[in-house]
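K.L.:
show me the folded form of this:
(chains A and B)
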2 protein chains.
Amino acid sequence: MAQKPSIPKGTRDFGPVEMAKRNYIFDTIKEVYALYGFQQIETPAMETLQTLMGKYGEEGDKLLFKILNSGDYMNKVSDEDLHSLNSLKLAAKLCEKGLRYDLTVPFARYVVQHREELQLPFKRYQIQPVWRADRPQKGRYREFYQCDADVVGSDSLLNEVELMQIVDTVFTKFGVRVCIKINNRKILTGIAEVIGEAEKIVDITVAIDKLDKIGLEKVNEELRNDGISEEAIEKLQPIISLSGSNEEKLEVISQVLAGSETGLKGVEETRFILDTLKAVGLNNEIELDLTLARGLNYYTGAIFEVKALDTPMGSITGGGRYDNLTGIFGLPGLSGVGISFGADRIYDVLNALDLYPKEAVNSTQVLFINFGETETAYCLPIVGKLRQAGIRSEIFPDKAKMKKQMSYANAKNIPFVVLAGENEMAAGKVTLKNMESGEQTLVTAEKLIATVK
Amino acid sequence: MAQKPSIPKGTRDFGPVEMAKRNYIFDTIKEVYALYGFQQIETPAMETLQTLMGKYGEEGDKLLFKILNSGDYMNKVSDEDLHSLNSLKLAAKLCEKGLRYDLTVPFARYVVQHREELQLPFKRYQIQPVWRADRPQKGRYREFYQCDADVVGSDSLLNEVELMQIVDTVFTKFGVRVCIKINNRKILTGIAEVIGEAEKIVDITVAIDKLDKIGLEKVNEELRNDGISEEAIEKLQPIISLSGSNEEKLEVISQVLAGSETGLKGVEETRFILDTLKAVGLNNEIELDLTLARGLNYYTGAIFEVKALDTPMGSITGGGRYDNLTGIFGLPGLSGVGISFGADRIYDVLNALDLYPKEAVNSTQVLFINFGETETAYCLPIVGKLRQAGIRSEIFPDKAKMKKQMSYANAKNIPFVVLAGENEMAAGKVTLKNMESGEQTLVTAEKLIATVK
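P.N.:
Numbers count the residues shown, from 1 in each chain, chains lettered A, B, ... in the order given. Modelled structure (predicted):
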């Protein structure tokens, strides 16, 4: 017998139950995106390496899956190249294409390539897999879906407001209680300025971003190691330990940042977003968190992150505003703001809290038992009526043993089974068995439909 | 300015309108698959080359997109290999993974790998992209979606019947009139037997499969070139020119095949399928076509193909029964039968016949014009009410010129625009503009919802 086949490490098959749950997640997110006027696009799995390389840092370049050129690809590689180049540089000779690493760079490429067709602001969402040659580990895969929504071509903070409303609506639909954390890159810049370490902003934010995980003392230690002065660290203490309501925090921080124009702009932006959200009303709590940094080099304005309240899990959604998304492709001056739902983590959260609605996971509603050709001929028109009524129905295709057919119904979690033998046919009816209660009743096709619906 | 970015040849971006149309197609097919008890699965884009190689013939191996191993892949390649191997053989040293070429081989791999979890018969559907390094040309892409449904683990012809019902239901929903053509590999085998050319079955079916395209005379010429005897060709004439109703054709062919056990089995199978379909009733015509062959080496029983009646287009759906799907992966004895909808061609057919329902393609239903901060604050709660009522609504994020906002509405085909300035705010109402008729009315939020719904 041949070796049992397998799939590449870090990849997954999704069976029927997993797919039903994943579809529930994607469909819910899609529905809400559409409710806010976002439109779906899709880009190819493969992009040119020219598009992908240099966009994710040196480490990212290594993690790109590259596709071997088709045909006689060795033709393009000289003997000298073969012996003088390292694997990464040689790859550029062997490959012209790579697999999408995220949805943001393809989106930027899309916007530039199709700029003449697009009406700005362009509100797009995109739900597709991405691939990364990361070392696979628990919860980290080499193929996973991203669910992004972005608005480009609008500086308005209403976009930030609406993205927060989207987050709030999606998690309300899921029944997951979350805390939305918000911050602003300009506030972080202001803080670095007023403590006299403007040029150390990256180090500072990387360190304070870890507050949740490692605690205040270790954060300070890291700041010291980064060469931040004791004086600056001291000034930072009240800021990163700031507590109270969002209003109170904003009040304090606006005083602290009095000397920083950028910082005050960040406060003003944050205040607008929070005030407007208060006016429209959210179901979930939103909290100004001055230690939130998330991919700092990328974001230029608001930054957000979402955490589930009732189960331990990292960030399940995040995003922010970034300027100059399309500058790398030669179209400067377009600002964007976006969010990304972490589908795999949301999947785990819904599992942990047992929040999948029954109807989202159920597949077939009625199974007709197969007793042979005559009975099947009797059942087929009834099966047809059920389907016409929108009821997902099956007739077991083979005249198999009753036990086998019933275990098929059980394995597929089918709630109703229909039996029709001589007696039923004579009466022009069928026997309907409720698989949960075990109850059996003799019914007409019409009654059957009414009962199942 | 940087070079305008592009995508790899043979791949496509799908913009909002294309995506809405594609989603309509996929959603319709998914809904019908589910109605018949099929469950969705997904497999990874990457499979091991061990899984993929040798499954699609020599040509297919060349058309697989191979993924360069990550890290220091050159380590595994000796100098000797570099200089002695051709590109295809060297690829096996550089690559361990490839992109999915179709959905059938990954499905077979899936069934074998997960056999212990699966309850047979297993009815699965799968809608995912596949990749082929084909030379791109009109209507042929290097990335395209397949939409397959298969049943494995059941020999029952009821599966064939239900797949034809699925085809009939899907195209009825689309509003496309089709002809479903059906044949049986066993009938073709029988024909080759009775004309005394059993071992030439492949040549014969390849030739007669072209009858539609090249006509009878050229088919005969091809048969002659293949070395089929004049006597056999003569015997073949009445068979391939057979006309009349399905019943008449079956009657004649069962006499012709009287000497072939396999042939008669094929007739019997076809008769059962056609009789049962007649009993359940189809909306579209089904026609026994003895010249239909479709990938003969693959199919072992029923063969089907679907053509649109009202627009010229090749086959838009096809399928058939194949034995031993999973044998290549060491699990023999499992029979399967499946269909595959050609999404790209169906897309073109629906475009040509202008059959997309308006509501499938529409995105945002209402746009609120942005007149500034006060007006926006007034509008936001109303926008919220509309969304709560399930109406896809947007507020233009920036206070832009009226003309710009209106052309945004036009570009997105938004049917209703809402304006709220001083007068409206004073009256506690909004002005609703119907973009098609140009009509403007002053309404309350409740009236607005009722009108749009």
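K.L.:
can you confirm residue A:147 is in a strand?
P.N.:
Yes: counting by DSSP: H, G, I helix; E, B strand; the rest coil, residue A:147 is located in a strand.
K.L.:
thinking it is in contact with residue A:102, fair?
P.N.:
No: Residue A:147 lies out of contact with residue A:102 (C-beta atoms under 8 Å); the separation is 11.9 Å. Backbone N, C-alpha and C define where each C-beta goes, glycine included.
K.L.:
higher neighbour count, the two?
P.N.:
Taking neighbours as other C-beta atoms under 10 Å in any protein chain shown, residue A:147 and residue A:102 compare with residue A:147 leading, 22 against 17.
K.L.:
tell me how far that one lies from chain B.
P.N.:
Distance, residue A:147 to chain B, using C-beta to the nearest C-beta, to the nearest Å: 14 Å.
K.L.:
just list whatever residues bridge to that residue.
P.N.:
Per DSSP bridges, the residues bridged to residue A:147 are residue A:127, residue A:341.
K.L.:
need the contact list for it.
P.N.:
Contacts for residue A:147 (C-beta atoms under 8 Å, 6 or more residues apart in numbering or on different chains) come out as A:26, A:29, A:125, A:126, A:127, A:340, A:341, A:343.
K.L.:
show me which of those is closest to residue A:285.
P.N.:
residue A:341 (18.4 Å; C-beta to C-beta).
K.L.:
separation between that closest one and chain B?
P.N.:
18 Å.
K.L.:
just the pLDDT at that residue, thanks.
P.N.:
pLDDT recorded at residue A:341 is 97.
K.L.:
could you give the number of residues near it?
P.N.:
29.
K.L.:
ok, it touching residue A:305?
P.N.:
No: using C-beta under 8 Å, residue A:341 makes no contact with residue A:305, being 11.9 Å away.
K.L.:
what secondary structure does the closest residue to chain B within the stretch 151-300 of chain A sit in?
P.N.:
When scored by C-beta to the nearest C-beta, the stretch 151-300 of chain A has residue A:156 as its residue closest to chain B, at 3.7 Å. Following three-state DSSP, residue A:156 is assigned to coil.
K.L.:
list the contacts of it.
P.N.:
Applying C-beta under 8 Å, 6+ apart to residue A:156 gives the contacts B:397, B:398.
K.L.:
quick one, phi/psi of it?
P.N.:
Main-chain torsions, residue A:156, degrees, to the nearest 10: phi -60, psi 140.
K.L.:
helix or strand for residue A:333, which one?
P.N.:
If you go by DSSP states H and E, residue A:333 is not part of any helix or strand.
K.L.:
for the closest residue to it other than its chain neighbours, what are its contacts?
P.N.:
Excluding its sequence neighbours, the residue lying closest to residue A:333 (C-beta to C-beta, 6 or more residues apart in numbering or on different chains) is residue A:324, at 7.2 Å. Counting by C-beta under 8 Å, 6+ apart, residue A:324 makes contact with A:332, A:333, A:334, A:335.
K.L.:
before we move on, the earlier item: most neighbours among the contacts of residue A:147, which one?
P.N.:
residue A:341 (29 neighbours).
K.L.:
from residue A:25, how far out is residue A:318?
P.N.:
Going from residue A:318 to residue A:25 by C-beta to C-beta, to the nearest Å gives 16 Å.
K.L.:
what does residue A:31 show for phi and psi?
P.N.:
Residue torsions, per degrees, to the nearest 10, at residue A:31 are phi -60, psi -40.
K.L.:
roughly how far does it sit from chain B?
P.N.:
9 Å.
K.L.:
check residue A:21 too.
P.N.:
From residue A:21 across to chain B, the span is 11 Å (C-beta to the nearest C-beta).
K.L.:
residues near that residue, how many?
P.N.:
Here the number of neighbours of residue A:21 (other C-beta under 10 Å) works out to 18.
K.L.:
try residue A:435
P.N.:
For residue A:435, the neighbour count with other C-beta under 10 Å is 15.
K.L.:
what does the pLDDT read for residue A:91?
P.N.:
Looking at residue A:91, the pLDDT reads 85.
K.L.:
need the contact list for it.
P.N.:
A:66, B:68, B:73.
K.L.:
so residue A:286 belongs to a strand, correct?
P.N.:
Yes: counting by three-state DSSP, residue A:286 is located in a strand.
K.L.:
on the pLDDT front, check it for me.
P.N.:
Residue A:286 is assigned 97 on the pLDDT scale.
K.L.:
does it touch residue A:180 like I think?
P.N.:
Yes: assessed by C-beta under 8 Å, residue A:286 is found in contact with residue A:180 at 4.4 Å.
K.L.:
overlap in contacts, those two.
P.N.:
Joint contacts of residue A:286 and residue A:180 (C-beta under 8 Å, 6+ apart) are residue A:164.
K.L.:
which stretch of helix or strand covers the closest residue in space to residue A:192 that isn't next to it in sequence?
P.N.:
Nearest non-adjacent residue to residue A:192, counting by C-beta to C-beta, 6+ apart: residue A:201, 3.9 Å away. Using DSSP H and E, residue A:201 sits within helix A:201-208.
K.L.:
re earlier: what's the overlap in contacts for residue A:341 and residue A:305?
P.N.:
residue A:317.
K.L.:
buried residues in stretch A:51-59, which are they?
P.N.:
By neighbour count with 16 or more other C-beta atoms under 10 Å in any protein chain shown, stretch A:51-59 contains the buried residues A:51, A:52, A:53, A:55, A:56.
K.L.:
show me where the stretch 151-300 of chain A has its strands.
P.N.:
A:178-184, A:285-288 (DSSP state E, counting those that start in this stretch).
K.L.:
relative to residue A:401, which of those strands is closest?
P.N.:
Proximity to residue A:401, assessed across the strands of the stretch 151-300 of chain A by C-beta to C-beta, is greatest for strand A:178-184 (49.4 Å).
K.L.:
what mean pLDDT would you report for that closest one?
P.N.:
Mean predicted lDDT for strand A:178-184 stands at 97.
K.L.:
and that strand with helix A:201-208, angle?
P.N.:
Counting by axes from the mean of the first three to the mean of the last three C-alpha atoms, to 10 degrees, strand A:178-184 lies at 160 degrees to helix A:201-208.
K.L.:
now strand A:178-184, how far from the chain's geometric center?
P.N.:
Distance, stretch centre to chain centre, for strand A:178-184: 17 Å (C-alpha atoms, centre = their mean, to the nearest Å).
K.L.:
list the contacts of it.
P.N.:
Contact with strand A:178-184 is made by A:164, A:167-168, A:171, A:266-267, A:269-270, A:273-274, A:282, A:284-293, A:301-309, A:316, as judged by C-beta under 8 Å, 6+ apart.
K.L.:
filter those down to just the buried residues.
P.N.:
By neighbour count, with 16+ other C-beta under 10 Å, the contacts of strand A:178-184 hold A:164, A:167-168, A:171, A:266-267, A:269-270, A:273-274, A:284, A:286-293, A:301-308, A:316 as buried.
K.L.:
spell out which residues of the stretch 101-250 of chain A are next to chain B.
P.N.:
Contacts of the stretch 101-250 of chain A with chain B, taken as C-beta under 8 Å from any C-beta of the partner chain, map to A:109-110, A:112-114, A:117, A:119, A:121, A:123-124, A:129, A:131, A:133, A:142-143, A:151, A:154-156, A:158-159, A:162, A:165, A:169.
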